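Undergrad: This is a predicted model, with the sequence first.
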Amino acid sequence: MKTVPHTELCALSEKYGTDKRPEPHGHGYTHFYNSLFGYRRNSVKKVLEIGIDIGASLRMWEEYFPNATIYAIDADPARLINDGRIRSYQCDQSNVEALRDTAALIGGDFDFIVDDGSHVSGHQVVSAMELVPLLSPNGVYVIEDVPHRDEVVSQLPYVCWVHEFNVVRDPYSQLVVIYGH
């Protein structure tokens with residue numbers, strides 16, 4: 001059995017209680033994210049997460065990326081967090097106009113955008129269509145917890161990579177990843 005190293009991001013995910021943390025309490029995404037950003041985390045300046053919930057992953061990203069402003073959107077105004085380097089906005093990811101208006105406020109050049117919002121395929125597609133153009137040339141866009149990956153990937157005009165995580169408790173533990181151009 002292959003042993004996966006426990007990274008600093010794994011420790012932060014456990015500290016803040018996000019479901020991105022290693023199993024058995026999470027999806028195990030932190031190892032993947034650390035492989036993407038561990039070597040350049042100090043150069044990351046802008047991160048956007050769709051879906052706030054209790055803000056655990058926003059706080060994790062804020063600590064992991066010490067020089068980044070962490071942006072977030074959520075449809076529920078009661079979930080918004082504006083503290084430290086975290087800035088959040090009310091925005092329904094299923095609403096194209098709301099996404100465009102929010103994009104006009106926060107600008108572009110994102111190093112990392114992660115969709116951990118509704119997990120509805122149509123919403124994931126709409127969000128990617130509107131937000132992938134906001135990536136920096138070396139940016140990464142990730143859709144988490146994709147229940148119907150073929151339905152999502154087939155509707156996107158981008159090269160997509162699917163990363164599956166063998167999580168027994170959640171068969172939708174898979175990521176769709178799009179790299180900036």
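TA: Received the coordinates, thanks.
Undergrad: what residues are up against Cys10?
TA: Shown in contact with Cys10 (CB atoms under 8 Å, 6 or more residues apart in numbering): 21-22, 30-31, 34. For the C-beta atoms, the positions are set from N, CA and C on the backbone; glycine is no exception.
Undergrad: In this protein, which strand is the longest?
TA: strand 135-143 (DSSP state E).
Undergrad: Kindly export that strand (C-alpha atoms) in PDB.
TA: Output of strand 135-143 as PDB, limited to C-alpha atoms (Å, rounded to 0.1, in the frame of the first residue of the first chain):
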ATOM      1  CA  LEU A 135      -7.400  32.800 -14.800                       C
ATOM      2  CA  SER A 136      -3.900  34.000 -15.000                       C
ATOM      3  CA  PRO A 137      -1.800  32.300 -17.700                       C
ATOM      4  CA  ASN A 138      -0.500  29.800 -15.100                       C
ATOM      5  CA  GLY A 139      -3.800  29.600 -13.200                       C
ATOM      6  CA  VAL A 140      -5.800  26.500 -12.300                       C
ATOM      7  CA  TYR A 141      -9.600  26.100 -12.200                       C
ATOM      8  CA  VAL A 142     -10.900  23.100 -10.300                       C
ATOM      9  CA  ILE A 143     -14.500  21.800 -10.000                       C
END
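Undergrad: tell me which strands and helices that strand is in contact with?
TA: Applying 3 or more CB pairs under 8 Å, 6 or more residues apart in numbering; DSSP states H and E, one finds that strand 135-143 makes contact with helix 29-37, strand 110-115, helix 121-131, strand 174-179.
Undergrad: quick one, the last one and helix 121-131 angle?
TA: The directions of strand 174-179 and helix 121-131 differ by 20 degrees, with axes from the mean of the first three to the mean of the last three CA atoms, to 10 degrees as the criterion.
Undergrad: ok, now the second one?
TA: Using the same axes, to 10 degrees, the inter-axis angle of strand 110-115 relative to helix 121-131 is 170 degrees.
Undergrad: Sweet, I'm off.
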